[in-house]
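> turn this into a structure:
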Amino acid sequence: MAEDGTYRKLLSLLDEHGAAYRVIEHAPEGATEAVSRLRGHEPAQAAKCIVVMVKVGKKEKHFALVVVPGDRRVDLQAVKALYAGTYASFASPDIAEELAGSQSGTILPFSFDERLELFVDPGLLAHPEFFFNAARLDRSIALSTEDYVSVAEPKVTPLSLD
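Residues are numbered from 1 along each chain as shown. Below is the predicted model:
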């Protein structure tokens, strides 16, 4: 199962960098509101991770992993503008899952694929720690925001809507 490999890769990366995190086991759930309740925090502290496809002209495509607070939505127009694109949409589930290495609802706020550029909305970074499903529906990670920025090195830019 690809998810287990991605889960192990994540834990190895966090351990290698000495990141402050904890694993939370819970009933299988991928919806942000519901899993936030299971984990006991506000949705604003959840990382909603969405793969966006941006077309530049007719032949060029880029893929962005956009991470926004769980109580917000991805601003596709803002993502399109990052690439001076002509069109932006959510990537198909097949492509998103291939690039992320896990199923929808469990996509990590980390990119392990060079074709997937990582962006995070600054609203998520306002909390000392945040939460996300760890490439599995039944496991989450509570991660120090400071350690996340240090380890993942995301590009930080406003990409969310209310």
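> can you give me the helices in this protein?
2-16, 32-39, 76-82, 93-100, 145-152 (DSSP state H).
> got the angle between the first one and helix 145-152?
The reference is to helix 2-16. 110 degrees (axes from the mean of the first three to the mean of the last three CA atoms, to 10 degrees).
> again, but for the second one
Regarding helix 32-39 and helix 145-152, their directions subtend 120 degrees when assessed with the same axes, to 10 degrees.
> quick check: buried residues in helix 32-39?
If you call a residue buried by 16 or more other CB atoms under 10 Å, then helix 32-39 has these buried ones: 32, 35, 36, 39. From N, CA and C alone the C-beta is placed, and that goes for glycine too.
> of all the helices of the chain, which lies closest to residue 158?
helix 76-82 (6.7 Å; CB to CB).
> so which bits of that closest one are buried?
76, 78, 79, 80, 82.
> quick revisit: so can I have TSV of the helices of the chain showing mean pLDDT and distance to residue 126?
Below are the helices of the chain laid out as TSV (pLDDT from 0 to 100; distance: least, CB to CB, whole Å):
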stretch	mean pLDDT	distance to residue 126
helix 2-16	90	21
helix 32-39	95	16
helix 76-82	98	18
helix 93-100	96	24
helix 145-152	98	8
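> figure out which of those helices is closest to residue 69.
helix 32-39 (9.3 Å).
> could you list every helix and strand that the closest one packs against?
Counting contacts by 3 or more CB pairs under 8 Å, 6 or more residues apart in numbering; DSSP states H and E, helix 32-39 packs against strand 129-136, strand 139-144.
> show me how far that helix is from its chain's centre.
Relative to its parent chain, helix 32-39 has a centroid offset of 16 Å by CA atoms, centre = their mean, to the nearest Å.
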